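>>> need a structure here:
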Amino acid sequence: MYRHILVPTDGSPVSARAEKVAIDMAKKFKASITAVHVVPPYSPRALGEIRGAGTQPLSAAEYRQVTEERGKAVLKKVLARAKRAKLGAEVMLVTSDSPGDALAKAAQDAGCDLIVMGSNSRTGIERIFLGSVASEVLTSTRIPTLICH
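The predicted model follows:
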C-alpha cells in the first residue's frame, strides 16, 4: 500500500513515537523510510533556542555548526533504528523558516506516499503564538499524513 514513508523528527519523545509507528508501518508494507530534520535559519528567534558556551551569542557559522551537528545526531538515531529493522532508509537535513512547507516539499521531492509525524497537541493561546507544524503540513500537502501524539 505505502512504499515510501517520510518521518519528520526533532529528537523529542513525540517524534520518537512517530518514528516507531513509521518503522512499524514500513516493515508491514515493505516500504522505505526518509527521516527529515528541519533547522530554522540563523536569526534572533532561533538563537533563543540555542545558547553559546558563554554570554556571547553564537555567530551565524557557530549556529550552523551546532544546529547541523544536533540535526545529524537526531537523524543518525532514526537511521540506526531503521537499519536494525532491515529497512531502506535515507535522511535529509533541511534549513527553513517554515517547517511545515519544508516537510511537505521534502515528502514530495523524495517521492513519499505517506508522512508519519508527531504533534504536541498545542491548543489555545500556545497554538496561536507557537503554531503547529503538523497543521502546516496538513495544509501544505495532499500526501496522506498520520499524526501521532
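>>> which residues in the protein form helices?
13-29, 44-47, 60-84, 99-110, 124-130, 133-140 (DSSP state H).
>>> closest one to H37 among the ones you listed?
Closest of the helices of the chain to H37 is helix 60-84, at 4.2 Å (criterion: CB to CB). All C-beta atoms are positioned from the backbone trio N, CA, C, and that covers glycine.
>>> where are the low-confidence patches of the chain?
Scanning the chain for pLDDT under 70 picks out 45-55, 121-131.
>>> hmm, try it at 80
Residues of the chain meeting the criterion pLDDT under 80: 44-57, 121-131.
>>> what's the most buried one of the helices of the chain?
Comparing these by mean neighbour count (mean count of other CB atoms under 10 Å), helix 99-110 ranks first with a mean of 20.
>>> what's the angle from it to helix 133-140?
Angle, helix 99-110 to helix 133-140, by axes from the mean of the first three to the mean of the last three CA atoms, to 10 degrees: 50 degrees.
>>> And the contacts of helix 99-110?
4, 6, 8, 34, 36, 38, 40, 90, 92, 94, 96, 112, 115, 117, 133-137, 139-141, 143 (CB atoms under 8 Å, 6 or more residues apart in numbering).
>>> wait, which of the helices of the chain is closest to C148?
In terms of CB to CB, the element of the helices of the chain nearest to C148 is helix 13-29, at 4.2 Å.
>>> ok, back up a step: how about the helices of the chain in a markdown table, adding distance to H149?
Below are the helices of the chain laid out as a markdown table (distance: least, CB to CB, whole Å):
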| stretch | distance to H149 |
| --- | --- |
| helix 13-29 | 7 |
| helix 44-47 | 26 |
| helix 60-84 | 19 |
| helix 99-110 | 17 |
| helix 124-130 | 14 |
| helix 133-140 | 10 |
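>>> for V38, which residues make a bridge with it?
V94 (DSSP bridges).
>>> That one and I23: what is the separation?
Relative to I23, V38 is positioned 20 Å away (CB to CB, to the nearest Å).
>>> Next: L93.
Counting by CB to CB, the gap from L93 to I23 is 19 Å.
>>> Same question for A85.
Distance from A85 to I23, by CB to CB: 5 Å.
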